[in-house]
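K.L.:
Quick check, what structure comes out for this input:
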Amino acid sequence: MTVRSAIYLIFCFVVALNSISAQTTDFPASWEGDWKGKLEIFNAKGKAHEVDMTIEIHKIDTSTQGRYTFSLIYGSKEKDWRPYEIMPVDPAKGLWRVDEKNSIAMESYLYGPKLLCWFVVEGNRILCVYEKTSPTQMVFELMAGNETPVSTTGNTMQGEEKIPPVITYPFSAYQRAVLTRL
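P.N.:
Residues are numbered from 1 along each chain as shown. Prediction:
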């Protein structure tokens with residue numbers, strides 16, 4: 001599987017709020033609705049592709065506090081619909097889980113204005129970030145690259161200072177969407 005297809009198959013959901021107190025009480029309710037925009041897909045040469053993207057966030061029921069749909073639609077529901085759910089794990093610590101309903105469930109971490117999810121699938125590191133930038137706008141970003149390091153530098157002494165090893169990883173894809181609440 002290529003990086004591009006892995007990215008299309010698995011997406012991480014991230015959300016953010018403006019304050020820590022709001023994070024535990026307003027999320028995901030303050031994000032409820034349908035969000036639509038264009039997902040732009042970039043490689044080293046520039047923009048490679050663009051696709052319509054919709055996110056549907058709706059309360060599922062009242063029996064499980066904080067459980068919402070978090071459906072992703074690429075193009076149309078007939079083409080590529082991912083009916084995921086997001087649920088609280090420990091909101092006071094910023095911990096949420098996205099359930100892809102296929103045995104994949106990924107933890108996401110709410111830090112400041114962003115909820116982040118970092119995972120590896122089929123040898124590719126993927127970082128996903130969703131950020132609600134206003135009451136009517138959300139920005140999604142995904143960065144991906146192979147898990148195999150490009151280089152390791154440092155790991156030496158500079159005079160009396162021990163320099164730790166620094167491992168660099170490649171990037172092979174960047175995706176970005178600006179979504180507007182409908």
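K.L.:
Compute the first-to-last residue distance for stretch 52-69.
P.N.:
Taking CA to CA, to the nearest Å, the first and last residues of stretch 52-69 lie 19 Å apart.
K.L.:
Tell me which residues are up against stretch 172-182.
P.N.:
3-4, 7, 33-43, 53-55, 124, 135-146 (CB atoms under 8 Å, 6 or more residues apart in numbering). From N, CA and C alone the C-beta is placed, and that goes for glycine too.
K.L.:
all strands for this structure, in order.
P.N.:
33-43, 46-57, 68-69, 71-74, 81-82, 85-90, 95-99, 105-111, 114-121, 124-134, 137-146, 151-158, 161-168, 173-181 (DSSP state E).
K.L.:
re the thing from before, can you go through the contacts of stretch 172-182 and name the buried ones?
P.N.:
3-4, 7, 35, 37, 39-41, 53-55, 124, 138-140, 142-145 (16 or more other CB atoms under 10 Å).
K.L.:
most centrally placed residue in this structure?
P.N.:
Per CA atoms, centre = their mean, the C-alpha nearest to the average position across the chain is that of residue 128, at 2.7 Å.
K.L.:
Isn't it up against residue 116?
P.N.:
Yes. Assessed by CB atoms under 8 Å, residue 128 is found in contact with residue 116 at 7.3 Å.
K.L.:
Who does residue 33 form a beta bridge with?
P.N.:
Under DSSP bridges, the beta-bridge partners of residue 33 are residue 57.
K.L.:
If you could redo that for residue 73, that was the one I meant.
P.N.:
Beta-bridge pairing of residue 73 under DSSP bridges involves residue 54, residue 81.
K.L.:
right, and it touches residue 80 too?
P.N.:
Yes. Counting by CB under 8 Å, residue 80 is a contact partner of residue 73 at 6.8 Å.
K.L.:
Looking at the two now, which is surrounded by more residues?
P.N.:
residue 73 (20 against 15; other CB atoms under 10 Å).
K.L.:
how much space is there between the more buried one and residue 130?
P.N.:
Separation of residue 73 from residue 130 (CB to CB, to the nearest Å) stands at 15 Å.
K.L.:
do residue 57 as well
P.N.:
Taken as CB to CB, the span from residue 57 to residue 130 is 10 Å.
K.L.:
which one of the two has more residues nearby?
P.N.:
Each of residue 57 and residue 130 has its neighbours counted (other CB under 10 Å); residue 130 has more, 26 against 21.
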